[in-house]
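Undergrad: Okay, here's the prediction I keep looking at, along with the sequence it came from:
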Amino acid sequence: MSLPPSITENEFFAKLSHLKNIVMNHSSHAIYLESEGAMRWLTGKRHQVIDIHPSSQTTISAIISFDKNSYLLNFYSDPWEQNRLNDFLKNPMFQSNGVKSIQDTMDHLQLTNSIINPRMKEYREIEREIVSPLIEKNQYKKLEFLVTNSREALLEVAHKVNSGMDGWTLRSLVYESYHKRHLELNQVILALDGMSSYQHPMVEDDSVVKEGSIIKIVTGSRFFDMFHSATQLVKIDNRVTNEENYLYHALQEMAIEYAKKFIPNTSEELLYASLIPIATTIEEKYNISNFKESAHIHHAGGPLSPLGNRDFVITQNGTRKIFPYTQFSINPVDSILHLKCELQGVVIPDDSPMILDEFTHTDDNNEYMTMQYKGKDLRLPTIIVNNKELMK
């Protein structure tokens, strides 16, 4: 798959139109954007020098003002970023079609209550409302490029894992595999020997890969303003057992049923409350004692956006809503073998969500499992074996 552009002119102006509607709906005429995620969303450029959290303030910010027929973009930067700002503003999309780009230093920045800004209590939700929905076809191309290449990278790493390998070596393989595909990593979690029950293990000097174990490789990857949250389970130098397969299928079905609850304007509270009934139904269907405990072994997932791997993690009494055309990721864990499956989807109005197919790069059906979803085959992550001969 060819490398899609970080932003197109059509995408840029679609985003400005979307931004204008939201700003006007909040009875304002202008908004201040300062986070790395929001600025990547707007410009298609990386602005952070170090790898900060995407919702944190970065070195270039902007005030976007609107009237009936025009936009005004005022870009601000720290003095030492002025040369880079000058260069990226030479892009024709920042110079045409009524968009006026002005640069200044942050010392001159004046924020008033007439501008939507981070001092306002509702600012973070407005920011999320702006950057979350997928509104233009190039965004979908970027997302497809990211998720398929991310999964390809995970499978490549999985087949290079060997017994005795330590966590630092494995982590290096992950970074190498992602970086050669032009993908950034903001999270790498490795559950190696003795760590199966750890939901977020930290690699230590003495953590190793051992024969017969199932290890977890968990990544949060980024391609410009797109994020992919992914997990790959790898059985080391042994075939996957019937029990492991059975539990994983139950867990995958639980994930699919939970994903169906991600519909526009659903609250956190309702999503959280749906977990126990879904897990209970799966426990009874598969006759697996204590499976319903899996509902809350790990967190309840949540929406993704340019602001990070999780805009927020769904909580029991949360009031935040799920926006149309926003992404989400869920990753339930079973309470018996502590297997984990992770799905990423897009919320679709008036329908069940779209679950992303991450396996368009491969025709090896040993590397994924197939389930029926919305009347069609859907390829999903499964437990694979590092040794391909044992997968046959």
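TA: That came in fine, so what should we check first?
Undergrad: can you pull out the helices in this protein?
TA: 9-25, 36-43, 82-88, 123-131, 137-158, 167-179, 242-259, 268-286 (DSSP state H).
Undergrad: Now render those helices as JSON lines, adding mean pLDDT, mean neighbour count and distance to Met369.
TA: No exception for glycine: its C-beta is placed from N, CA and C like everyone else's. Shown next, in JSON lines, are the helices of the chain (pLDDT from 0 to 100; neighbours: other CB atoms under 10 Å; distance: least, CB to CB, whole Å):
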{"stretch": "helix 9-25", "mean pLDDT": "95", "mean neighbour count": "16", "distance to Met369": "34"}
{"stretch": "helix 36-43", "mean pLDDT": "95", "mean neighbour count": "25", "distance to Met369": "32"}
{"stretch": "helix 82-88", "mean pLDDT": "83", "mean neighbour count": "13", "distance to Met369": "43"}
{"stretch": "helix 123-131", "mean pLDDT": "96", "mean neighbour count": "20", "distance to Met369": "33"}
{"stretch": "helix 137-158", "mean pLDDT": "97", "mean neighbour count": "21", "distance to Met369": "13"}
{"stretch": "helix 167-179", "mean pLDDT": "95", "mean neighbour count": "18", "distance to Met369": "22"}
{"stretch": "helix 242-259", "mean pLDDT": "96", "mean neighbour count": "19", "distance to Met369": "7"}
{"stretch": "helix 268-286", "mean pLDDT": "96", "mean neighbour count": "17", "distance to Met369": "15"}
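Undergrad: Ser221 is nearest to which of the ones you listed?
TA: The minimum distance between Ser221 and those falls on helix 137-158, with 4.8 Å, by CB to CB.
Undergrad: closest to Lys374 out of the helices of the chain?
TA: Proximity to Lys374 (CB to CB) singles out helix 242-259 among those, at 10.2 Å.
Undergrad: gap between that closest one and the chain center?
TA: On the basis of CA atoms, centre = their mean, to the nearest Å, helix 242-259 sits 21 Å off its chain's mean C-alpha point.
Undergrad: give me every residue that touches Arg151.
TA: Neighbour list for Arg151: 230, 232, 358-359, 361, 381 [criterion: CB atoms under 8 Å, 6 or more residues apart in numbering].
Undergrad: Could you point out which residue ranges in the stretch 251-392 of the chain have low pLDDT?
TA: Along the stretch 251-392 of the chain, the model assigns pLDDT under 70 to residues 392.
Undergrad: try it again with 80
TA: Along the stretch 251-392 of the chain, the parts satisfying pLDDT under 80 run over 388-392.
Undergrad: OK, contacts around the nearest residue to Ser6 once chain neighbours are set aside?
TA: Of all residues not flanking Ser6 in the chain, Gly44 sits nearest, at 3.8 Å (CB to CB, 6 or more residues apart in numbering). Shown in contact with Gly44 (CB under 8 Å, 6+ apart): 5-7, 11-12, 224-225.
Undergrad: Select from those the one having the most neighbours.
TA: Among those, the one with the most neighbours (other CB atoms under 10 Å) is Asp225, at 28 neighbours.
Undergrad: Arg222 and Gln187 touch, don't they?
TA: No: the criterion here is CB atoms under 8 Å, and Arg222 misses it with Gln187 at 9.5 Å.
Undergrad: higher neighbour count, those two?
TA: Per other CB under 10 Å, whichever of Arg222 and Gln187 has more neighbours is Arg222, with 24 against 15.
Undergrad: ok, the closest residue to that one other than its chain neighbours to Glu81 distance?
TA: Spatially, and ignoring its direct neighbours in sequence, Arg222 is nearest to Glu184 (4.4 Å; CB to CB, 6+ apart). Taking CB to CB, to the nearest Å as the measure, Glu184 falls 20 Å from Glu81.
Undergrad: Tell me which of those two has more neighbours.
TA: The neighbour comparison of Glu184 against Glu81 (other CB under 10 Å) goes to Glu81, with 19 against 16.
Undergrad: how close does that one get to Lys45?
TA: Taken as CB to CB, the span from Glu81 to Lys45 is 11 Å.
Undergrad: what's the answer for His338, then?
TA: Plainly put, His338 is 40 Å away from Lys45 if you go by CB to CB.
Undergrad: Same drill for these two, tell me which one is more crowded.
TA: Using other CB under 10 Å as the criterion, His338 and Lys45 rank with His338 on top: 19 against 16.
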